[in-house]
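In: got a predicted structure plus its sequence, pasted below:
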Amino acid sequence: MQQIPPRTLRLAFFFLMIPLVFLLLAGCNRSSPDEMVVEPSTQSAAASPAQPQGSPPQSLLPTATPTPAPLAGRIVLWHSWAEGDGDALAAILEMYRRAQPGVTVDTLYVAYPDLAQAYADAVAAGEGPDLLLAPVWWMDGLVSTGVVLPLDDLLSTSEMASYWPAALENFRWQGRLYGLPVHYELVSVFVNRSLAGSTAMPATLDEWLAQAQQSPSFGIGLYNNLYHLAWGLPAYGAPLFDENGVAVIDRQGDVPAFLRWLRTLSQTPGSYVDPDYGMLKDRFRKGEFAYFVDGPWAIDELRGAFGDNLAVALLPAGPFGPAQPWLSAEGVMLNPNRTGGQQQIALSFARFLTTAESGAQMAALGRRLPANRNAALGDDPLLQGFARQAMNAQPLPALPEMAQAWGYGGDMFIKVVDGNADPVATVIETAALINDANGK
């Protein structure tokens, strides 16, 4: 399990349509309740012993649509949601209880550091819960050990369209879908409006740097790690990997130019590109610079410091196009040991957990960004700001090769920004190290 960024450091897709509607009454054709079914008859109405004389032919009577049997049973969900997340989960569970009174959902809280291993061990032993709430960071291990169920055959096209595409792609691993996204995270720009004033957020990275050079109060704080800086790769025209998992940052775009931009920013008074996340957030809270790139996990703390002076703005574009941060999601996954009716009940709850109605609860109580694109965010301008950034975002690369990219990719930024390494040589070296480690 690789290291993950703060909050993603701490801490979907199952479907709320019940396939039981496909049960047919023996010998009946399916039709809508209001539809008249006309079929050719091989005998006259008078010849039918079951039909009274003078009554309409049976083939002209409305055909009843079978009513799905209500669900009944008990399922178990393991999770590590607490505080606002826990409040949202409790509200969703109550909503589901009213919708499916015959189903009991038992939940078990497992501490975040222990959840993945405890779940994998239990499923491997033929036990474990019916459902797991887990972040995308664990996909490699969960899929490789065979403890999550592929969902491709259980989703309709319309269901897939209800999610933010980048959130859904988070749970597609080597071409197969293993989870439904519940909520997502990504980075954007927090703005201290008491320092930035009425100045419009610069549209380009060059303009942003020029503004920071005007005054330390316009300074920028960037957490120097791969997750927090990945938005700059597409802004400078470079994917990290190609479709075969080969690192190509040395072959496409101009990553060295991005590294030079970062180094220049770090040398600008009042601005920081630093691997000390706590220091950066503390300086921003104290009002030492106007802009801080971070994720929605910091909303509550920063809102407490700035109140209405806090805003969220889009990351500025680079010379090759918009900045596109990585979008990482948390989702719901299904135990592959569950079959038949038990699987259907688990699937019902997984779908319910990812509806727009459930997403609204996550936004209101958990301050989360729902993966369902139809979920209401309420009147929170900060969540709305991150949702706007999500329209320009890429899914976190769902590749086994990412395990090697975290360390080597993160080192690339530190070598150039802090160690004054040559940007061109460092990009070439980084790609080679990632590919060598992955046997590419």
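Out: Perfect, thanks for sending it.
In: which strand or helix spans residue 427?
Out: Counting by DSSP states H and E, the element that carries residue 427 is helix 423-437.
In: please name the nearest non-neighbouring residue to residue 81.
Out: Nearest residue to residue 81, sequence neighbours excluded (Cβ to Cβ, 6 or more residues apart in numbering): residue 89, at 5.1 Å. Glycine gets a C-beta too; all of them are placed from N, C-alpha and C.
In: the one you found falls within a helix, correct?
Out: Yes - under DSSP: H, G, I helix; E, B strand; the rest coil, residue 89 falls within a helix.
In: pretty sure it contacts residue 82?
Out: No - checked against Cβ atoms under 8 Å, the pair residue 89 and residue 82 is beyond contact range at 9.4 Å.
In: measure residue 219 to residue 73 for me?
Out: 57 Å (Cβ to Cβ, to the nearest Å).
In: out of those two, which sits in the busier spot?
Out: Between residue 219 and residue 73, counted using other Cβ atoms under 10 Å, residue 219 has the larger neighbour count: 23 against 16.
In: and residue 89 and residue 82? which has more neighbours close in?
Out: Higher neighbour count among residue 89 and residue 82: residue 89, with 25 against 14, using other Cβ under 10 Å.
In: got the contact list for the more buried one?
Out: Residues near residue 89 by Cβ atoms under 8 Å, 6 or more residues apart in numbering: 79, 81, 107.
In: now do residue 289
Out: Residues in contact with residue 289, defined by Cβ under 8 Å, 6+ apart, are 192, 195, 216, 217, 218, 219, 220, 221, 270, 271, 272, 283.
In: go again with 10 Å.
Out: Counting by Cβ atoms under 10 Å, 6 or more residues apart in numbering, residue 289 makes contact with 192, 195-196, 212, 215-221, 269-272, 280, 283.
In: residue 271 now?
Out: Residue 271 makes contact with 208-209, 212-213, 216, 218-222, 264-265, 288-291 under the criterion Cβ under 10 Å, 6+ apart.
In: just the ones of these in helices?
Out: Among the contacts of residue 271, DSSP state H puts 208, 209, 212, 213, 264, 265 in helices.
In: what subset of these is buried?
Out: Among the ones in helices among the contacts of residue 271, those scoring as buried are 208, 209, 212, 213, 265 (criterion: 16 or more other Cβ atoms under 10 Å).
In: pLDDT score for the residue lying closest to the first one once chain neighbours are set aside?
Out: Of all residues beyond its chain neighbours, the one nearest residue 208 is residue 202 (4.2 Å), with distances taken as Cβ to Cβ, 6+ apart. The confidence metric pLDDT takes the value 96 at residue 202.
In: residues touching residue 202, list them.
Out: Listed by Cβ under 10 Å, 6+ apart, the contact set of residue 202 reads 189, 208, 209, 210, 211, 212, 218, 291, 313, 316, 317.
In: try 7 Å
Out: 208, 211, 316 (Cβ atoms under 7 Å, 6 or more residues apart in numbering).
In: with residue 340 instead?
Out: By Cβ under 7 Å, 6+ apart, no residues touch residue 340.
In: would you mind measuring from it to residue 298?
Out: Computed as Cβ to Cβ, the residue 340 to residue 298 distance reads 44 Å.
In: got the phi/psi numbers for residue 287?
Out: For residue 287, the backbone dihedrals (degrees, to the nearest 10) come out as phi 80, psi 30.
In: ok, it touching residue 216?
Out: No - if you go by Cβ atoms under 7 Å, residue 287 and residue 216 don't touch, sitting 11.1 Å apart.
In: which stretches of the stretch 1-150 of the chain form strands?
Out: Assigned by DSSP state E, counting those that start in this stretch, the stretch 1-150 of the chain shows strands spanning 73-79, 103-109, 131-135.
In: which helix or which strand is home to residue 358?
Out: helix 356-366.
In: same check, this time on residue 278
Out: Using DSSP H and E, residue 278 falls in helix 277-285.
In: ok, the spatially most central residue of the chain - contacts?
Out: What sits nearest the mean C-alpha location of the chain, by Cα atoms, centre = their mean, is residue 329, with 2.3 Å. For residue 329, the contacting residues are 136, 167, 170, 181, 183, 184, 371, by Cβ under 7 Å, 6+ apart.
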